[in-house]
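A.B. asks: sequence and predicted model, in that order:
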Amino acid sequence: MKFNAIDSHCHLQLAAYDADREALIEQCRASGIGVIVVGTNKETSAAAVALASAVPDGVWASIAVHPGHVHAPHHDPQEVVAPPPEEFFEETFFAALAASKKVVAVGETGLDYYRLIETPGHSIASIKSRQQANFSAHIAFAKKNDLPLIMHVRDRGDSSAYDEAINMLRREYGDQVRGVMHCFGGNQDDARRCLELGLYLGIGGIVTFPPRKGEEENPLAAIVRDLPLDRLLIETDAPYIAPVPKRGERNEPANVLIVAQKVAELRGMPVGDIQRKTAENAVRLFNLA
Ligand SMILES: [Zn+2]
């Protein structure tokens, strides 16, 4: 199958698509959009693999326990119908899933220092260390299974989650890591350090957002302009973070073309070249057959 574009990160398996999932997959296949369906916990990882396995080509899966699920998981009805349990990486469960050829990555995993919810008996420090242990288990699993990492790293702009994640990756991999920082939202220095490690940056709907008060332009614009073309991936993170002009709506993989358009504008390139190059990058990073 030849791809017009690849949405390197979406969540078509989630509850948000229970009514029209099949139709959206058909639409992607008809328009040549490949999709990587990313798990967030055991239930949604298994569902991602089932979804990818039900389609002959163009749909792949990634499996993991998201850092937001290791402590006091908040219930997003778009994600799962019933409130999710607190979870931690379990090797036997994920090893069974990884036996499928459709599993092309380990993620989304990483550190989320943006949304830290203190509860009785669980200090912020203890929640962070539990997230680190969960991330570390995913790193070991990715290495063992020779799979790239899809990482969610987020903080409140102080680079604390990037500092920690980069330290952990250096410790485990040395100086070259196979993976992507999904929905990259860090600053220029975070970007530089990720690129040094050999990582790809996943650019999503945030790149289409207008600058915030006091900003001349969206800070992601400069990062996207300077990014080496061979490290650039595009993504939707659907159902989340729909790009302008669909902001606030349920996001869909087809909107990856809107992200491609914005990236093309910023780099002064034809949109078709951005779609083609980013699809080639996804095929290379995830070893897509
Ligand atoms: Zn995601």
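C.D. replies: Everything's here; your move. These numbers come from a predicted model, not from an experiment.

A.B. asks: ranges for the strands of the stretch 101-250 of the chain?
C.D. replies: Along the stretch 101-250 of the chain, the stretches classed as strands by DSSP state E, counting those that start in this stretch are 103-112, 149-154, 179-181, 200-203, 232-234.

A.B. asks: save these as TSV, and put in mean neighbour count, distance to residue 129 and mean pLDDT too.
C.D. replies: C-beta coordinates here come from the backbone N, C-alpha and C atoms, glycine included. What follows is these, written out as TSV (neighbours: other C-beta atoms under 10 Å; distance: least, C-beta to C-beta, whole Å; pLDDT from 0 to 100):
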stretch	mean neighbour count	distance to residue 129	mean pLDDT
strand 103-112	26	11	98
strand 149-154	28	16	98
strand 179-181	28	21	98
strand 200-203	26	26	98
strand 232-234	25	30	98
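
A.B. asks: Provide the contact partners of stretch 70-90 at residue level.
C.D. replies: By C-beta atoms under 8 Å, 6 or more residues apart in numbering, the surrounding residues in contact with stretch 70-90 are 11, 14-16, 40-44, 64-65, 68-69, 109, 115, 117, 119, 122, 127, 130-131, 133-134, 137-138, 141, 239-240, 250.

A.B. asks: residue ranges of the helices in this protein, please?
C.D. replies: Ranges of helices in the chain, per DSSP state H, are 21-30, 42-53, 91-98, 124-144, 160-173, 188-196, 219-226, 256-267, 271-286.

A.B. asks: of all those, which lies closest to residue 210?
C.D. replies: helix 219-226 (10.7 Å; C-beta to C-beta).

A.B. asks: so for residue 164, which of the strands of the stretch 101-250 of the chain sits nearest?
C.D. replies: For residue 164, the closest of the strands of the stretch 101-250 of the chain is strand 103-112, at 5.8 Å, according to C-beta to C-beta.

A.B. asks: tell me the contacts of the closest residue to residue 47 other than its chain neighbours?
C.D. replies: Nearest residue to residue 47, sequence neighbours excluded (C-beta to C-beta, 6 or more residues apart in numbering): residue 13, at 3.9 Å. Taking C-beta under 8 Å, 6+ apart, we find residue 13 in contact with 21, 37, 39, 44, 47, 48, 50, 51.

A.B. asks: of those residues, which pair is most distant in space?
C.D. replies: Greatest spacing in the contacts of residue 13, by C-beta to C-beta: 21 and 39 (15.2 Å).

A.B. asks: which one of those two is surrounded by more residues?
C.D. replies: residue 39 (30 against 15; other C-beta atoms under 10 Å).

A.B. asks: give me the neighbour count for the residue nearest to the more buried one when sequence neighbours are not counted.
C.D. replies: If you skip the residues right next to it in sequence, residue 39 has residue 45 as its closest partner in space, 2.9 Å away by C-beta to C-beta, 6+ apart. When neighbours are defined as other C-beta under 10 Å, residue 45 has 27 of them.

A.B. asks: residues touching residue 45, list them.
C.D. replies: The contact partners of residue 45, by C-beta under 8 Å, 6+ apart, come to 39, 61, 62, 63, 64, 65, 94, 97.

A.B. asks: for residue 280, see how far away the residue nearest to residue 47 is.
C.D. replies: Per C-beta to C-beta, to the nearest Å, residue 13 is found 26 Å from residue 280.
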